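**Student:** Sequence and computational prediction follow.
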Amino acid sequence: EQSYMESVVTFLQDVVPQAYSGTPPAEEKEKIIWVRFENADLNDTSRNMEFHEIHSTGNEPPLLLMIGYSDGMQVWSIPISGEAQELFSVRHGPVRAARILPAPQISAQKCDNFSEKRPLLGVCKSIGSSGTSPPYCCVDLYSLRTGEMVKSIQFKTPIYDLHCNKRILVVVLQEKIAAFDSCTFTKKFFVTSCYPCPGPNMNPIALGSRWLAYAENKLIRCHQSRGGACGDNIQSYTATVISAAKTIKTGLTMVGKVVTQLTGTLPSGATEEEILAHSNIRRSPLVPGIVTIIDTETVAEGQVLVSEDSDSDGIVAHFPAHEKPICCMAFNPSGMLLVTTDTLGHDFHVFQILTHPWSSSQSAVHHLYTLHRGETEAKVQDISFSHDCRWVVVSTLRGTSHVFPINPYGGQPCVRTHMSPRVVNRMSRFQKSAGLEEIEQELTSKQGGRCSPVPGLSSSPSGSPLHGKLNSQDTYNNFTNNNPGNPRLLPLPSLTVVLPLAQIKQPMTLGTITKRTGPYLFGAGCFSIKAPCKSKPAPQISPSKSVGGEFCVAAVFGSSRSWFANNPGLKREKDQSKQFVVESLYIISCYGSLVEHVLEPRPLSTAPKISDDTPLEMLTCPRASWTLVRTPQWNELQPPFNANHPLLLAADAVQYYQYLLAGLVPPGSPGPITRHESYDSLASDHSGQEDEEWLSQVEIVTHTGPHRRLWMGPQFQFKTIHPSGQTTIISSSSSVLQSHGPSDTPQPLLDFDTDDLDLNSLRIQPVRSEPVSMPGSSRPVSDRRGVSTVIDATS
């Protein structure tokens, strides 16, 4: 690892190159405005047939990366081999947002109007296609196959962002959202009630495979879902000191604003958005921190309005998530968890969305986690989940990525849940068999909701101002309907506060991560950073301190690619990827360097004894890096592309698969294909005769066995007995343990090794008890003394 002196030297070499040496300046690089990891047909594991045999062939989806420059944009692919490939590069003025649109979902009723032109690239750039509209006010859709522009959608106000899935294209405007159908690009629905956010993301939304979440500007009680955010009672001493300092600071800035207003100059700090937001507050009291989730399939066409008069068609959930305005949101890959962050950036909330088919007011929103970043203010720009939803990475504008462990079902992350390569069940085998959950439920229902034994720390729903009241009638209905397992009803799961296990800061340039070993390849080469994984991080120069600017970073989880850089001669082994518990974390910075960080969770080193519930700590170290930033000398790579271009091949594969799924004839195929022949695994052709016999082969289970065996409970202990000398074998039917008459002397039964056995616990003394009188026996009890009573253990 670098010493302090070495890191200073590297810093001087990287940042002040001419000052200490006569070398010419490093080659000029283009300025990066934004970076993003993209999901498209190329890395769609569910719809691209190439990845369906993922376990047998070792095919892994490539990372797809988009870089927006001050002039134009660029698309990179980093396949599992680790050799980066440039897929697209243009210089046509600044680009605010761009997306590679995935092939749409089609059916017999709904066909794709642009199937010959795909893949399509949606771009929002400063000079639109018409040229006359104001900057950033139109979305242009270009075909990467033919190179022509196939559609342009004009708006009156500037566009902030684009989102897309296989059903819709979503255009995000100021306080508005417009959604367009993926097949025809006609307007599907629009939302006009978004809360204005100060930035960097002016109108934060999250688009899953079907649901769309956005920040609503008011809370409508009749649509409010159960649950929502619980109060965060985790303000530490530093927080109170900082907040005190903030009040002084805001006091000073207010004085400064008044002075500048008197002198007639507008403060440079106040942006147009802030002024707009202040004027909005005067008009109507907007409520910050409210989230609405709508179903893009069932929502009505036209304007989506959440109001007292509107019905809840298409509204999945509507709940308070924060007390401050929402800054960033993201769904997990399954779309059941939503992570939200507010403008302060101290705490991020993880919600589980449990829907009800009838209305959003019957849905439940469980606040599973509060991810506590720290006490200073930071704006969030990127949220990314691992594929198994056990890790979430939140990146702030300061260039720091915070790695948090979570479970998709809630609860404290520990060795049992996060140290195995596979996701474990919510309850371990011991917890299941011991029946601890039932005891816990009884306790919580007596205390009423989730309560903490420490007074003042209770985060019960009634204690939080944001919670809608849950009535006791629901709990009663739940038990009378013999349905204790409905997760939407009480009791709500407890809230867990999680601290980041790792904080990865972006260094100023690549050299400051670790000492450079091996070749430093410019361009798209990959070079390896061979550094031992030690718990002490290398000294890094944090960009937020040195430059004072904002740093765009994006992060994504993926299989490790550094093996190729370390051993270029080796062939990849099948099991090589399975040795890591966590996938590698890839972070691209605003300097155009993509770094692979290897994450190694391990039990807390200070823990006295390692058990299943031991907390975790994490080691991180950078393993490989790619320099992907473009220089002005590079040639552009513009469509039309060849048919063997990776993006075109992927679009063809996914479209073909979509045709087969819909039971349609793919274009260019020889003849009509029946559903059965086209896709073997969906159905095999059965004759009607077999269908009739099917019912007779159904196995019927009439009753279930006991929930747990008696001896599986925690109150039983099993001990080993080592007999010595003459022994008598005691079985359940022998009468040795009972004395044969009232005058008999107790005889020594067994010699035990007393080391591992507590004699008193065995009760060998002849303790006499009256035999149990059985119904129907006419003999008096006294006659039966001395006859052994056999109780069969299996009865």
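**Tutor:** Ah, there it is.
**Student:** hang on, residue 40 packs against residue 118?
**Tutor:** No: assessed by Cβ atoms under 8 Å, residue 40 is found out of contact with residue 118, at 10.7 Å. (C-beta placed from N, C-alpha, C; glycine too.)
**Student:** For this structure, which segments count as helices?
**Tutor:** For the chain, applying DSSP state H gives helices covering 4-15, 17-20, 54-57, 237-263, 272-283, 415-418, 429-434, 436-447, 472-480, 543-546, 562-566, 646-662, 675-678, 688-693.
**Student:** If you average pLDDT over each of those helices, which is lowest?
**Tutor:** Per-stretch mean pLDDT for the helices of the chain is lowest at helix 543-546 (a mean of 32).
**Student:** quick one: common contacting residues for residue 40 and residue 118?
**Tutor:** residue 101 (Cβ atoms under 8 Å, 6 or more residues apart in numbering).
**Student:** ok, residue 121 to residue 651 distance?
**Tutor:** From residue 121 across to residue 651, the span is 11 Å (Cβ to Cβ, to the nearest Å).
**Student:** next one: residue 102
**Tutor:** Here residue 102 is placed at a distance of 9 Å from residue 651 (Cβ to Cβ).
**Student:** Identify the contacts common to these two.
**Tutor:** Here residue 102 and residue 651 share the contacting residues residue 41, scored by Cβ under 8 Å, 6+ apart.
**Student:** shouldn't residue 561 be in contact with residue 625?
**Tutor:** No: checked against Cβ under 8 Å, the pair residue 561 and residue 625 is beyond contact range at 10.7 Å.
**Student:** ok, those two, which is more surrounded?
**Tutor:** Taking other Cβ atoms under 10 Å, residue 561 and residue 625 do not tie; residue 561 has more neighbours (26 against 23).
**Student:** And for that one, nearest residue in space, chain neighbours not counted?
**Tutor:** Using Cβ to Cβ, 6 or more residues apart in numbering and skipping the chain neighbours, the partner closest in space to residue 561 is residue 82 (4.0 Å).
**Student:** What count of nearby residues applies to the one you found?
**Tutor:** Neighbour number of residue 82 under other Cβ under 10 Å is 21.
**Student:** Confirm for me that it is in contact with residue 559.
**Tutor:** No: under the criterion of Cβ under 8 Å, residue 82 is not in contact with residue 559, lying 10.4 Å apart.
**Student:** where does residue 97 sit relative to residue 554, distance-wise?
**Tutor:** Taking Cβ to Cβ as the measure, residue 97 falls 13 Å from residue 554.
**Student:** Next up, the contacts around residue 177.
**Tutor:** By Cβ under 8 Å, 6+ apart, the contact list for residue 177 reads 170-171, 190-191, 194, 203, 205, 212, 214.
**Student:** swap in residue 142?
**Tutor:** Shown in contact with residue 142 (Cβ under 8 Å, 6+ apart): 120-121, 123, 148-150, 639.
**Student:** again, 7 Å this time
**Tutor:** Residue 142 makes contact with 120-121, 123, 149, 639, according to Cβ atoms under 7 Å, 6 or more residues apart in numbering.
**Student:** Bridging across strands, which residues link to it?
**Tutor:** Beta bridges link residue 142 to residue 121, residue 149 when assigned by DSSP bridges.
**Student:** got a pLDDT number for it?
**Tutor:** Looking at residue 142, its pLDDT reads 95.
**Student:** cool, residue 712 as well?
**Tutor:** For residue 712, the pLDDT comes out at 72.
**Student:** Low-confidence stretches in the stretch 351-500 of the chain?
**Tutor:** Low-confidence segments of the stretch 351-500 of the chain (pLDDT under 70): 437-485.
**Student:** run the last query once more with 80
**Tutor:** Filtered on pLDDT under 80, the stretch 351-500 of the chain yields the residue ranges 431-432, 434-487, 489-492.
**Student:** where do the strands sit along it?
**Tutor:** 364-372, 380-385, 391-396, 400-405, 496-498 (DSSP state E, counting those that start in this stretch).
**Student:** Can you add distance to residue 323 and give these back as TSV?
**Tutor:** Shown next, in TSV, are the strands of the stretch 351-500 of the chain (distance: least, Cβ to Cβ, whole Å):
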stretch	distance to residue 323
strand 364-372	13
strand 380-385	16
strand 391-396	19
strand 400-405	21
strand 496-498	17
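**Student:** so which of those gets nearest residue 159?
**Tutor:** Within those, the stretch nearest residue 159 is strand 380-385; the backing value is 18.0 Å (Cβ to Cβ).
**Student:** Skipping its backbone neighbours, what lies nearest residue 307 in space?
**Tutor:** Per Cβ to Cβ, 6+ apart, closest to residue 307 is residue 220, 6.2 Å.
**Student:** neighbours around the one you found, how many?
**Tutor:** By the criterion of other Cβ under 10 Å, residue 220 has 22 neighbours.
**Student:** Same check on residue 580?
**Tutor:** Around residue 580 there are 14 residues (other Cβ under 10 Å).
**Student:** Next up, the contacts around the nearest residue to it once chain neighbours are set aside.
**Tutor:** Nearest non-adjacent residue to residue 580, counting by Cβ to Cβ, 6+ apart: residue 560, 6.5 Å away. Contact partners of residue 560, counting by Cβ under 7 Å, 6+ apart, are 577, 580, 584, 596, 598.
**Student:** Quick one, grab the pLDDT at residue 560.
**Tutor:** Reading off the confidence values, residue 560 has pLDDT 89.
**Student:** Any regions of the stretch 151-300 of the chain where pLDDT drops low?
**Tutor:** 199, 231-284.
**Student:** on that earlier part again, I'd like the distance between the residue nearest to residue 580 and residue 406.
**Tutor:** With Cβ to Cβ as the criterion, residue 560 and residue 406 are 22 Å apart.
**Student:** give me the number of residues near residue 710?
**Tutor:** Around residue 710 there are 9 residues (other Cβ under 10 Å).
**Student:** What distance do you get for it to residue 427?
**Tutor:** Separation of residue 710 from residue 427 (Cβ to Cβ) stands at 20 Å.
**Student:** can you check residue 435 too?
**Tutor:** Here the criterion is Cβ to Cβ. By it, residue 435 lies 11 Å from residue 427.
**Student:** residues in contact with residue 330?
**Tutor:** 206, 339, 383.
**Student:** who does the first one bridge with?
**Tutor:** So the one you mean is residue 206. Note on residue 206: beta-bridge partners by DSSP bridges are residue 213.
**Student:** Please shift the residue numbers so they start at 37 in all later answers.
**Tutor:** Let's use 37 as the start, then, which means that last one is residue 242.
**Student:** quick one: contacts of stretch 382-394?
**Tutor:** Residues outside stretch 382-394 that contact it (Cβ under 7 Å, 6+ apart): 265, 268, 329, 352-353, 357-358, 372-377, 398-411, 430, 442, 446, 523-524.
**Student:** Buried by neighbour count: which residues of that stretch qualify?
**Tutor:** 382-392 (16 or more other Cβ atoms under 10 Å).
**Student:** quick revisit: among the contacts of residue 178, which pair sits farthest apart?
**Tutor:** Using Cβ to Cβ, the contacts of residue 178 reach their maximum pairwise distance at 159 and 675, which is 12.1 Å.
**Student:** and those two? which has more neighbours close in?
**Tutor:** Taking neighbours as other Cβ under 10 Å, residue 159 and residue 675 compare with residue 159 leading, 23 against 18.
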